[in-house]
Each structure stands twice: as C-alpha cells, then as structure tokens.
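In: what shape does this take:
(one chain, ligands or ions: 1)
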Amino acid sequence: MPLHQDTLVIDAHTDVPTRLWESPADLSQHLTDRHVDLPRLRQGGVSALVFALYVPAELDPQRGWEHAKALHEVSERALIPGQLVQVATADDLQRSARRGEVAVLFGLENGRPLTVTGALDHCARIGVRYVTLTHWASHEWCDASTGKPLHDGLSAEGEGIVRQMNRLGILADVSHVSDAAVLHTLDVATAPVIASHSSARALCDHPRNLPDPLIREIARKGGLVMANSYPGFVDPEASKADAARGKELRPILEETLEEYLRNPGKLWQERERLFQDHPLPKVPLSAYVNHLIHLLEIGGEEHTGIGTDFDGIPDVLEGFEDPSKFPDLTAALLDRGVDRGGVRLILGGNFLRVLREGERRAG
Ligand SMILES: [Zn+2]
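Out: Down below sits the predicted model:
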C-alpha cells in the first residue's frame, strides 16, 4: 500500500514502559506476551510511538516520581541503536523516520508526581513531550474524569504546573481529566492541548471519552484528539461489559497493588489471566473508524489522530490487535472516504505539527 508506506505513522500513546517494567523483554524479537515489538512496528509501517511513563494514581507524589524514573530507566535500556531510538523534537522525529528507524518519544501519564521539586525540569531534560495530567483518580492539583471533583478543574498550583510545562515545551494531555479540568487547561495553556488517547463520548458514553463541545474547543485552540482503541471506550456494549468486569475484579486488583509494586511480573500474569477469563464482547476495527470519522466531523481533519493505548489495554479490537495492523486502518479510512491528505494528517502529520508548535511556544 504505497500511501501507507510513505506516510509518517505516529501512535501517540502506548504503555510499552509498563510492560517492560513488569517483564523485561528484547523488543527486537517477536513477543507473544504483549502488543508492541519492533517486528510488528515495522510490519505496520509505524514511524514513531510514545512510550507513556504511567504512574498509578494511588502512589503519592514521591513514590510516583520514583516509579516514573524506574519506568524511564527500563525503557531506555530497551531501545535498539539504529532501529528503535529516542527522539525529543519534531525535526529529530522526521530525520529518524527518513533513516528508517522507529522513533520513541516519552510522555508522563499522570502528573501527580510533578509537585516533587525538580520533577518537571527532569522530565524536560529526559525528553518527555507531554504530561497526561491525571490517571483514574483526582489528585493534589487536578480532577480526573473518573474521580471525585476536588478543584472544579485545576487548583491554583495546577494552573502553574500547566503553564510551566508549556514553557518547557511539554504539552498538556487531557485524556483522563474531568470535563471541567479540560476547559480549565484550555484556558491556562499557552500551547495546543492534546488528548493522547480518548475517543468520542457521542458514540460511546464513557467519562474517559470526550463530548463534542470539548472536542470542538480543543480543535479551535489548535490541539488534537487521538482516538483510543480500547473496545470498552469504543463500543457501548463492550463498555457495559467493561464496567461489570471492573466491578467484579476491582476488589482483587486493589488488594494486590502493593504486591504488584513488589512483584510486578507475577501480578501482571495473574491480572492478564483474570481479564482473559472475562473477555469483552468482540468489537471490530470499523467501530474504531467510526470514532475517527466522528472526530473528523466535529474537530476537523487537522485535529484528529491515533493513540492506540497498546500494551495498556487488556482487550483489543478485532482486526486491530497490534501495531502490525496499521495498514488496515489506513485502508479502512480510505474506504470510508477520507482523502489521502486527511489520512496522512490523522496518521501522524497532525501530531508532528502540534509537537513542533509546542516547541515554538516554549521558552
Ligand atoms: Zn491511560
């Protein structure tokens, strides 16, 4: 497929670092216990992906910060010179793609640790390009979409953190944050705001998805909404099943958090088994494409992108199980009448532009 081959393909959100921390692996090999590895990235024509340094919401800022650094360390060790390489800027990303490498950018998923002195500067130094402001729970300075409202958006400290992020060339990511916090972030940010892995609430009514007015606002201010491929956020039936499963498994999973942090490999396997025993209904790739088309219609083709959440989701779409399937996504978008220019923007052009804009607004 010539269009796909000469297009910059960027996946704005994966949880590769968490998988590596749970169970270190050689990413140059085909791996059967996770979604992402170099052979499948290459097969899918992926030019770049974001490694999210995911900090569990339960960890206090200091412990969370230690955890983020540990994830960064295992991730760096997993890079492969000349093949899977870290980049920090839009220009580096393009150069790396031209050399035929797969480029890795870092994101921090959950900004809770940023109250630790020096943490945000450290993030900038190691090349973190966006911070997802929260995870599942509200914290000291920002409310989560699935948490109790504590600040009606951002606290005063949170406003300062978002502004400082933008000064350092780090984008604010509003996936996971409450609707009020999305608006608040749009208000104080001095660079475009992204949602790195959120789909459309109009098609699947889940708080993790964005309602049309917020999609419009993010777009109006030059930002991006990048659709999440988790079946539980894509399809209403799967979403219901996901909620029931969550309720059933939560007591088991919560009890084991401390044990998980001590013995992540073992607990990961147990968790995977639990999820596999309670699978969600099958959801096809076309349902995901519906979200992308909706985002296009509401936000526009310059404000839509892809954040699969691979390696962070227990279930995957049928026909889009791992990064090797990206050419099928391209084909599906063309089939649905998205023109070639639009497909290029969605697959990676938009994310590159917004990264560059973040760099321009820094300083
Ligand atoms: Zn997430």
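In: switch to C-alpha atoms for all contacts and neighbour counts from now on
Out: Fine.
In: using PDB, write out every CA atom in stretch 37-51.
Out: Written as PDB, here are the backbone C-alpha positions of stretch 37-51 (Å, rounded to 0.1, in the frame of the first residue of the first chain):
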ATOM      1  CA  ASP A  37       7.600  -5.100  19.500                       C
ATOM      2  CA  LEU A  38       9.900  -3.900  16.700                       C
ATOM      3  CA  PRO A  39       9.000  -6.500  14.100                       C
ATOM      4  CA  ARG A  40       5.300  -5.600  14.400                       C
ATOM      5  CA  LEU A  41       6.000  -1.900  14.400                       C
ATOM      6  CA  ARG A  42       8.000  -2.300  11.200                       C
ATOM      7  CA  GLN A  43       5.300  -4.500   9.700                       C
ATOM      8  CA  GLY A  44       2.800  -1.800  10.400                       C
ATOM      9  CA  GLY A  45       4.900   0.900   9.000                       C
ATOM     10  CA  VAL A  46       5.000   2.800  12.300                       C
ATOM     11  CA  SER A  47       7.400   5.700  12.200                       C
ATOM     12  CA  ALA A  48       7.100   6.800  15.900                       C
ATOM     13  CA  LEU A  49       5.300   6.000  19.100                       C
ATOM     14  CA  VAL A  50       5.000   7.500  22.500                       C
ATOM     15  CA  PHE A  51       6.200   5.400  25.500                       C
END
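In: got the buried residues for that stretch?
Out: 37-42, 44-51 (16 or more other C-alpha atoms under 10 Å).
In: tell me which of those residues fall in strands.
Out: Members of the buried residues of stretch 37-51 lying in strands (criterion: DSSP state E): 48, 49, 50, 51.
In: for the third one, what are its contacts?
Out: By C-alpha atoms under 8 Å, 6 or more residues apart in numbering, the contact list for residue 50 reads 11, 12, 13, 14, 104, 105, 106, 107.
In: mind listing the strands for the stretch 251-363 of the chain?
Out: Along the stretch 251-363 of the chain, the segments classed as strands by DSSP state E, counting those that start in this stretch run 304-306.
In: buried stuff in stretch 27-35?
Out: Here stretch 27-35 shows 27, 34, 35 as buried, counting by 16+ other C-alpha under 10 Å.
In: equivalent analysis for stretch 196-215, please.
Out: Buried-residue list, stretch 196-215, by 16+ other C-alpha under 10 Å: 196-201, 203-212, 214-215.
In: same thing with stretch 219-239?
Out: 219, 221-239.
In: quick one on the thing from earlier: want to throw the ones in strands among the buried residues of stretch 37-51 into TSV with pLDDT and distance to residue 350?
Out: Converted to TSV, these look like this (pLDDT from 0 to 100; distance: C-alpha to C-alpha, whole Å):
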residue	pLDDT	distance to residue 350
48	98	13
49	98	14
50	98	14
51	98	18
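In: which among these gets closest to residue 97?
Out: residue 48 (7.6 Å; C-alpha to C-alpha).
In: what's the spacing between the closest one and residue 102?
Out: Here the distance between residue 48 and residue 102 works out to 5 Å (C-alpha to C-alpha, to the nearest Å).
In: quick revisit: so which of the buried residues of stretch 219-239 sit within helices?
Out: 219, 231, 232, 233, 234, 236, 237, 238, 239 (DSSP state H).
In: would you reformat the buried residues of stretch 37-51 as CSV and include distance to residue 18?
Out: Listed next are the buried residues of stretch 37-51 as CSV, based on distance: C-alpha to C-alpha, whole Å:
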residue, distance to residue 18
37, 14
38, 16
39, 19
40, 18
41, 18
42, 21
44, 22
45, 23
46, 20
47, 21
48, 18
49, 14
50, 12
51, 9
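In: closest to residue 175 out of those residues?
Out: residue 50 (14.2 Å).
In: report the beta-bridge partners for the closest one.
Out: Beta-bridge pairing of residue 50, defined through DSSP bridges, involves residue 105.
In: mind listing the helices for the stretch 201-350 of the chain?
Out: Under the criterion DSSP state H, counting those that start in this stretch, the stretch 201-350 of the chain carries helices at the ranges 212-220, 231-234, 236-255, 257-262, 264-277, 285-299, 326-335, 340-344, 350-361.
In: what residues does the last one touch?
Out: So that's helix 350-361. 10, 12, 89-90, 129, 166-167, 169-171, 190-192, 222-224, 302-305.
In: just the buried ones among those residues, please.
Out: For these, buried by 16+ other C-alpha under 10 Å: 10, 12, 89-90, 129, 166-167, 169-171, 190-192, 222-224, 302-305.
In: in strands only, show me those residues.
Out: Reading strands off those with DSSP E, I get 10, 12, 129, 171, 224, 304, 305.
In: now, the most widely separated pair of the residues you listed?
Out: Across those (C-alpha to C-alpha), the longest gap, 18.1 Å, separates 129 and 304.
In: residue 186 is in what secondary structure piece?
Out: For residue 186, the host element (DSSP states H and E) is helix 179-188.
In: can you check residue 4 too?
Out: helix 2-5.
In: list the buried ones in that helix?
Out: By 16+ other C-alpha under 10 Å, the buried positions in helix 2-5 come out as residue 4.
In: that older thread, most neighbours, which of the contacts of residue 50?
Out: Counting by other C-alpha atoms under 10 Å, residue 12 has the largest number of neighbours within those, with 29 neighbours.
In: helices along the stretch 1-150 of the chain, start to end?
Out: Counting by DSSP H, counting those that start in this stretch, one finds helices in the stretch 1-150 of the chain at the ranges 2-5, 16-22, 38-43, 61-78, 90-98, 119-125.
In: ranking these by burial, who's on top?
Out: Most buried of the helices of the stretch 1-150 of the chain by mean neighbour count (mean count of other C-alpha atoms under 10 Å) is helix 16-22; its value is a mean of 23.
In: pull it out as CSV, backbone CA atoms only.
Out: The C-alpha coordinates for helix 16-22 follow below in CSV (Å, rounded to 0.1, in the frame of the first residue of the first chain):
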residue,chain,number,x,y,z
VAL,A,16,5.4,-0.2,26.5
PRO,A,17,7.3,1.1,29.6
THR,A,18,4.9,-0.6,32.0
ARG,A,19,5.1,-3.9,30.1
LEU,A,20,8.9,-3.7,30.1
TRP,A,21,8.9,-2.9,33.9
GLU,A,22,6.6,-5.8,34.6
